[in-house]
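>>> predicted structure and sequence below. I'll ask about it afterward.
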Number of protein chains: 4
Amino acid sequence: MATSFLNDLMQTLGDRGRSLMGRSRDLARSGDLPELGEALLSRRGEASGVALARTLLDSYAGAPLAARLGFLTALADRFGPDRDLVDKAVAEYRRDPSGRAVSALQEAAEPRRQELIRRLNLAPGGTAALVRMRAELLSHLGSRPDLVEVDRDFVHLFSSWFNRGFLVLRPIDWTTPANILEKIIRYEAVHAIESWDDLRSRLQPADRRCYAFFHPQLVDEPLIFVEVALTSGMSGAIATLLDPTRRPIAARDATTAIFYSISNTQGGLAGVSFGHFLIKQVADELRRELPNLRTFATLSPVPGFAAWLAGELALPHSRFFNDEARATLQGLDQAGWHIDPARRETLRRAILPVAATYFLKAKTPTGRPLDPVARFHLGNGARLEALNVLGDVSAKGMRQSHGLMVNYCYDLDEIERNHESYAEKGEVVASSAIRRLIRADIAPPPELVSAS
Amino acid sequence: MATSFLNDLMQTLGDRGRSLMGRSRDLARSGDLPELGEALLSRRGEASGVALARTLLDSYAGAPLAARLGFLTALADRFGPDRDLVDKAVAEYRRDPSGRAVSALQEAAEPRRQELIRRLNLAPGGTAALVRMRAELLSHLGSRPDLVEVDRDFVHLFSSWFNRGFLVLRPIDWTTPANILEKIIRYEAVHAIESWDDLRSRLQPADRRCYAFFHPQLVDEPLIFVEVALTSGMSGAIATLLDPTRRPIAARDATTAIFYSISNTQGGLAGVSFGHFLIKQVADELRRELPNLRTFATLSPVPGFAAWLAGELALPHSRFFNDEARATLQGLDQAGWHIDPARRETLRRAILPVAATYFLKAKTPTGRPLDPVARFHLGNGARLEALNVLGDVSAKGMRQSHGLMVNYCYDLDEIERNHESYAEKGEVVASSAIRRLIRADIAPPPELVSAS
Amino acid sequence: MATSFLNDLMQTLGDRGRSLMGRSRDLARSGDLPELGEALLSRRGEASGVALARTLLDSYAGAPLAARLGFLTALADRFGPDRDLVDKAVAEYRRDPSGRAVSALQEAAEPRRQELIRRLNLAPGGTAALVRMRAELLSHLGSRPDLVEVDRDFVHLFSSWFNRGFLVLRPIDWTTPANILEKIIRYEAVHAIESWDDLRSRLQPADRRCYAFFHPQLVDEPLIFVEVALTSGMSGAIATLLDPTRRPIAARDATTAIFYSISNTQGGLAGVSFGHFLIKQVADELRRELPNLRTFATLSPVPGFAAWLAGELALPHSRFFNDEARATLQGLDQAGWHIDPARRETLRRAILPVAATYFLKAKTPTGRPLDPVARFHLGNGARLEALNVLGDVSAKGMRQSHGLMVNYCYDLDEIERNHESYAEKGEVVASSAIRRLIRADIAPPPELVSAS
Amino acid sequence: MATSFLNDLMQTLGDRGRSLMGRSRDLARSGDLPELGEALLSRRGEASGVALARTLLDSYAGAPLAARLGFLTALADRFGPDRDLVDKAVAEYRRDPSGRAVSALQEAAEPRRQELIRRLNLAPGGTAALVRMRAELLSHLGSRPDLVEVDRDFVHLFSSWFNRGFLVLRPIDWTTPANILEKIIRYEAVHAIESWDDLRSRLQPADRRCYAFFHPQLVDEPLIFVEVALTSGMSGAIATLLDPTRRPIAARDATTAIFYSISNTQGGLAGVSFGHFLIKQVADELRRELPNLRTFATLSPVPGFAAWLAGELALPHSRFFNDEARATLQGLDQAGWHIDPARRETLRRAILPVAATYFLKAKTPTGRPLDPVARFHLGNGARLEALNVLGDVSAKGMRQSHGLMVNYCYDLDEIERNHESYAEKGEVVASSAIRRLIRADIAPPPELVSAS
């Protein structure tokens, strides 16, 4: 890890500009955040931007909730677009709809907060502070629809700053600094890491890999990371994959890379996506290092399955299965079904076609699959490859999907085509084995056909 | 220098995505740059953005001039804003001028090329390629006013990407990698560096410093750099400062830091300014390292002085000096005046008030000083401190300013105030010595008084 | 941490020379370690030293115990000095005792194993392998006195290779790679580190520091490390120092640095001392960083106290205390004495003079203090500063020293003088408070006076 | 380059211990170097070794020649072995020639200066200072045979410290720090580098490589470096190889690596050889990176050829050629012979057998080839592959070898065998083409046959 270099930078950044302070001290003391914002956008801001930005961000961080919310509100109204300018630009455009007039329109319509946020980023540590500010903003969005436009501007700027061209892929392993590793423990969102020993068992064996994207401005923060197991075949059960007593294989002998956990770490970057870049770049890195690898696939949870199934079972009649299947599926409510061999087999057979249906037939109003993880991988151009009943028998796994896990395959020769089919026609690319599971006697719901 | 780390990154970036290629190979072979641009903006671009961006940039770099100009033209028209969307958004705004409508207006008015440029930045080395593309664009602007809007979008995006928060200050010294140092030699724009020995004499002595801003995406390219001499007092002559036979003083004994050369290196970043951040941060760094430093000043050229003076002398009557002064100043045309002691003294006396006038009275139509270097430093909040006749007796110095050099002082307690006076009232803050040079009998030109 | 650089090196070293192998493959297969040693010392060894050294060390590592012991035995006899050469050199010296003859004597008397060990160090990872080999050798020394000479040669060479000029001091903190940190946990020998959280509480707070010496050839191995607490005064109790609920102070406010744990990590480097260099350099580093620090002291265990006291109490009459004291000290045998306030105070008063006696009067046959930790610090020039009864009430602390801990002070103005007094006269430099504790009525044992 | 890390280390090392000074200040002021040496070996030296070592080395560096020579002389006599101890150890050995007695003999015979030099190495920068001290010592050896034993001890210790296991191979390229590169320019001993542009032409093209060994204690000093050209066949002329107008080939297309320049940089390390390790490791590195490489050879000068030939021509009759050849060879004295086509061809034919004779028949008194470069490569196990008349037509090349250059081949399958033949029998392994050049009618000189 070049963390020491990056830490040095950060330190440098952190020390900068402090001496310029002082001159805006009175304003800072007053703690009037919107006024500090005005100062930063003013002439004075041009001269002392670094110090003023720092003051505002520090004041924000130390202010009580009401003051912080007040500042976010000011971003929405006081620092919105200048309406007079907009009106003038609209009038001008109607008079002469030239290219210049469109430009002027765009400039006039740009909210003042965009420039304010850009100037706040002048402060050392500014990017991290702005990411935190947006995380707070997101927590208010439900009750404060007037802040939606502010959020849109954050996303616009973050998309530019966190452009994938600025992200850096780094392997995470047992020689990574502890302050980074503790964040891996903290942020792992799919299969919790219980302890440092557990972490080591995911990083140190010869058949394990972990990669994260970093941004030069957030050096101690992995933005997103993926955990990979190198195996000699497709893997359908997470417990087997993570079994601490298994014998690691030599990396060179592996034919398959299983991406079994992908975690975003920064709530404040929600909607600024880099997950698909991560998967593809890690696949590239691994292929380069290990030419024997032929299959790149995930072992993924199915977070929406149990809830959807419960909903269908609560209906008098499901479009997706007949009464016989329904009766069998009721058995899922009885604890321990997956331990009893007979019940397990019966239910396994019952689940498979229903799961296939869930992925291929059940849709959102806009014609996408119901499952969010499915939308992510299918949107990236992956193929739904296999259904693994009882792939995850942890409490969480049983609760959210009756233990179901699935594999998505990233096949480079297909990605572009799959992505287009999915994006344009909502088509779910799945292996023939899964497609065959769909019973012929269940017609697709007609309203969804028309919706897609 | 952490260049090896950064080089590694760059290498990594450079290798990425290559394997995704192929699928867009036919398009790439066709070399139709605008079509590649459309592909990158399309669904396919979402799936294979890195590879497509790389293909387009590589194709652009290898294309003949006509094809390159064709692509720039396409950026201007084909990838401009979608007029239908704009018209709709304008209509909607007029119907209901809500915040949402303003947002929609801004989005609609955004030219498609902005997203295209953002996606081009996905490619490894994309940022550097885009900076070069804009440098080429700038070279055509004079004859192709239709490209002005394209340039505006480049500046908009570059201002966001090269936000000062993303720039990293690094010392440049004799342990800096040679590939960086050769760029210092190449780009030095003020006082040319003749050889590696000359370079060493600017970097290695105990009383010399050099700093540059780097961007994480352009790791081998100093974006701007400043050369500093540590001295025991104000310095008025560049030859003395750079005298290779001088005895260096110990850095701890210095009281003054003279910024004697500031050079931008990337033509493609013209108008994306970071010069004033550089000066202030270097001053901060130096003050922290060397607490004895009390004065931070430049030794600057006066590139517009000779041309302005020639213009005034060509008029029948100058508003700025009387006929006696005019007669004396004609002596500047005689080669060698600065070598003859008597002529030198006469002309020195004559130049001083005229130079003071040049800085304080001669103005652009918008009321700013004529001299571009003066506009830069005064705009940063510096004070015009001293006039040094024959500060630069090199051929270039004699030609552009009859040897005149000046010092601008960066006094932290004044910067904010100076900047405001200048920005709001066009006021030139100058030392009292310089102000006293303005002869009482020359009234300021009335039209400029009203203009300011 | 520059570990990545060092890891790269290690990797490089590890890969080297492999291709040269082959040619000595048959010998390697035979696994005859002494024969491999002969080959390495032969002509062939000059040509293929790296590969042969690697083969021998790998074979040794993979060989069964008997074969390994056989090789160590061969080092003792087969690779001892060449007796004919010694005899010739002795004869020559007796004929003409010139400088040249002394040189020849030294060369002849050098055992062949010295050159063999030097050549083994050619292998990548050779140094580490040799350190491990000596650790194994040490484990046999008790039962195999014939290996003592071999050990002497290891120490001779290691002293040269691990010369303090080649050691590198590095801070250990929470940004240190996990593979280094786990060794800190594993090797901490004084106050065990229970978990990663415990480790963090020793590294991350503002008033804690940790430093280690590294060697360029053993990059992932801290050779010795010291843990430091920054405090506002002398510290007498380890539990208080390590209290996880304490409020850290700002480093700049500290006046005192307490070295509360020093651990060697490499058994194979026993007798190659760098502890005193570590303490002095860390004191230097800290003084430079934190000018407010005025006192550098340890908080040290007294591992020999309880055993010595038990021995004295077992005698009919101790030279060191009278019968009244003896009666009181018997109370130490009753568990829980340190919890009962009255007994605690009585015993505290009784222990103090006896402890002072233990340090100042009880001596080894060669006139040194009995306590090994005391010998280390006093030998470094430290001063015995304070006795802390119940400074360590852990089970280990109560068992080895009835809870006694002591402070040794490193006072730069005294170190040289103290060291000389100690080294030449066996004098124990102690604070006057401790010296006053020695009862006037107990005369020093006369045989020790004469021995010193 | 990880130079910044190493520089940090160096800085750290440089700052260390300074605070311990003072206490030995008076001694330091006196400047009595031998007395400082005694202090460093004394008790005081144990306590304040770092500071005392630094003082002595600084004092030495600043002392006048006479004082420095006085110290070297003191190393020879005052710090020689303790004769009483030697006598006692000899007596003891004669009484009982046990292993212990041999050990004691070796210890007694060890000159005190060895420990003194080891302690001097405690100082920051100590290793570099000692290497310089030995360089000075070497310059006196001719006139001061009494210093030979001192030199022997330097070599003994340096061989241990600069054990190849401690050396680090680093590529030198155009991203290497300038302070390292200027040493490459300065130290290039075979084909002078004229300028930084010349340097760049040896480092930057795709078909050029340069590698150096570094030692962790001499971080800014390449100890030895080799320049390599990647070619598509054997290369016989240096001018062609270095032709600045040539078109570089892609590294992957090269089949041959030509080592055309190997330079040692540290006079003070003469006799501590690492040249053969460098060649073999660079060959390994290149083979790993570029699997197409099949031939590893040098293009080497023949520094002794012209002098030897002149000597033979000065004799009335040479054992090595007949009178006809002699007459032809006289033509070498006429300037410009190599420009005239006819003369050139005649002389080329005459030179070839004589050159073959020079390498295969002309021997030193100990039966080795006369040419020092030949001794180096043949001793490493290389094969004399080709003779290139007019391979180097520079003034230096014509002067030292009438333009002759040769190729030595490093063939891994032969190295060990070649080295043994050479080391044991003085056999010169040469290609059959060269062996055929030896005229049948010239019998080998009989005395050399018996000598080998």
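Perfect, thanks for sending it.

>>> can you give me the strands in the stretch 301-450 of chain A?
Applying DSSP state E, counting those that start in this stretch to the stretch 301-450 of chain A gives strands spanning A:383-388, A:405-409.

>>> give me the number of residues near A:S48?
Number of residues near A:S48 (other C-beta atoms under 10 Å in any protein chain shown) recorded here: 27. C-beta: built from backbone N, CA, C; applies to glycine.

>>> that one sits in which helix or strand?
Assigned by DSSP states H and E, A:S48 belongs to helix A:43-62.

>>> and the next helix or strand past that helix?
From helix A:43-62, the next helix or strand downstream (DSSP H and E) is helix A:65-76.

>>> which strands and helices sit next to that following helix?
Using 3 or more C-beta pairs under 8 Å, 6 or more residues apart in numbering or on different chains; DSSP states H and E, the elements in contact with helix A:65-76 are helix A:33-41, helix A:43-62, helix A:126-141, helix A:148-161.

>>> I'd like to check the angle between the first one and helix A:65-76, please.
Read that as helix A:33-41. Per axes from the mean of the first three to the mean of the last three C-alpha atoms, to 10 degrees, the angle that helix A:33-41 makes with helix A:65-76 is 40 degrees.

>>> and the stretch 151-300 of chain A, which residues reach chain C?
Proximity of the stretch 151-300 of chain A to chain C is confined to A:174-179, A:181, A:195-196, A:200 under the rule C-beta under 8 Å from any C-beta of the partner chain.

>>> phi, psi for A:C210 please.
phi -150, psi 140 (degrees, to the nearest 10).

>>> let me fix that: A:L242
Dihedral angles for A:L242 - degrees, to the nearest 10 - are phi -100, psi 10.

>>> please work out how many residues are found near the closest residue to A:T328 other than its chain neighbours.
Computed as C-beta to C-beta, 6 or more residues apart in numbering or on different chains, the closest residue to A:T328 that is not its neighbour in sequence is A:A350, at 4.3 Å. A:A350 has 21 neighbours, counted by other C-beta under 10 Å.

>>> can you pull the contacts of A:A350?
Residues counted as contacts of A:A350 (C-beta atoms under 8 Å, 6 or more residues apart in numbering or on different chains) are A:325, A:328-329, A:331.

>>> which pair in those spans the largest distance?
A:A325 and A:G331 (11.0 Å; C-beta to C-beta).

>>> just the C-alphas of the helix holding A:S48, formatted as CSV.
This file holds the C-alpha atoms of helix A:43-62, laid out as CSV (Å, rounded to 0.1, in the frame of the first residue of the first chain):
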residue,chain,number,x,y,z
ARG,A,43,-14.7,38.4,-3.8
ARG,A,44,-13.3,37.6,-0.4
GLY,A,45,-13.8,34.0,-1.2
GLU,A,46,-11.6,34.3,-4.3
ALA,A,47,-8.7,35.6,-2.1
SER,A,48,-9.1,33.3,0.9
GLY,A,49,-11.1,30.4,-0.5
VAL,A,50,-9.1,27.6,1.1
ALA,A,51,-9.3,29.1,4.6
LEU,A,52,-13.0,30.1,4.3
ALA,A,53,-13.9,26.7,2.9
ARG,A,54,-12.2,25.0,5.8
THR,A,55,-13.9,27.3,8.3
LEU,A,56,-17.3,26.6,6.9
LEU,A,57,-16.8,22.8,6.9
ASP,A,58,-15.4,22.8,10.4
SER,A,59,-18.2,25.0,11.6
TYR,A,60,-20.8,22.7,9.9
ALA,A,61,-19.2,19.6,11.5
GLY,A,62,-19.3,21.2,15.0
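
>>> by contact count, what packs against that helix?
helix A:25-30, helix A:33-41, helix A:65-76, helix A:112-120, helix A:126-141, helix B:415-425.

>>> check the stretch 351-452 of chain A for the residue nearest chain D and tell me.
Residue nearest to chain D within the stretch 351-452 of chain A (C-beta to the nearest C-beta): A:L412, separated by 24.5 Å.

>>> any idea how far A:L412 lies from chain C?
30 Å (C-beta to the nearest C-beta, to the nearest Å).

>>> tell me how far that residue lies from chain B.
7 Å.

>>> equivalent analysis for A:T231, please.
From A:T231 to chain B the distance is 21 Å (C-beta to the nearest C-beta).

>>> follow-up on the earlier one: A:A325 and A:G331: who's more crowded?
Legend: neighbour count by other C-beta under 10 Å for A:A325 and A:G331, higher for A:A325 (19 against 14).

>>> for the more buried one, which non-adjacent residue is spatially closest?
In space, A:A325 is closest to A:A350, 5.8 Å off (C-beta to C-beta, 6+ apart).

>>> D:S42 versus that neighbour, what's the distance?
90 Å (C-beta to C-beta, to the nearest Å).

>>> same deal with A:S261?
63 Å.

>>> now do A:R186
Separation of A:R186 from D:S42 (C-beta to C-beta): 56 Å.

>>> mind jotting down where the helices sit in the stretch 251-400 of chain A?
Using DSSP state H, counting those that start in this stretch, the helices of the stretch 251-400 of chain A run over A:275-289, A:305-314, A:323-330, A:341-360, A:372-379, A:395-401.

>>> now the most centrally placed residue in chain A, which residues is it bridged with?
When C-alpha atoms, centre = their mean is applied to chain A, the residue found nearest the centroid is A:N264 (4.9 Å). For A:N264, the beta-bridge partners under DSSP bridges are A:I224.

>>> can you tell me which residues contact it?
Counted by C-beta under 8 Å, 6+ apart, A:N264 has contacts A:187, A:189, A:223-224, A:270, A:275.

>>> closest one of those to A:L241?
Nearest member of the contacts of A:N264 to A:L241, counting by C-beta to C-beta, is A:A189, at 16.9 Å.

>>> tally of neighbours for A:P34?
Around A:P34 there are 18 residues (other C-beta under 10 Å).

>>> that one reaches A:R78, doesn't it?
Yes: taking C-beta atoms under 8 Å as the definition, A:P34 is a contact partner of A:R78 at 5.9 Å.

>>> could you list the domains of chain A?
Split into domains by automatic domain parsing, chain A comes to A:3-161, A:165-298, A:301-451.

>>> smallest gap between the stretch 301-450 of chain A and chain C, at which residue?
A:S394 (23.8 Å).

>>> now that residue: how far from chain B?
Taken as C-beta to the nearest C-beta, the span from A:S394 to chain B is 33 Å.

>>> the contacts of A:N264, buried ones only, as a ChimeraX selection?
In ChimeraX, this line selects whichever of the contacts of A:N264 come out buried by 16 or more other C-beta atoms under 10 Å in any protein chain shown:
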select /A:187,223,224,275
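
>>> returning to what we had before: any chance of the helices and strands packed on helix A:43-62 in TSV, plus mean pLDDT?
Output for the helices and strands packed on helix A:43-62, formatted as TSV (pLDDT from 0 to 100):
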stretch	mean pLDDT
helix A:25-30	59
helix A:33-41	91
helix A:65-76	95
helix A:112-120	94
helix A:126-141	95
helix B:415-425	86
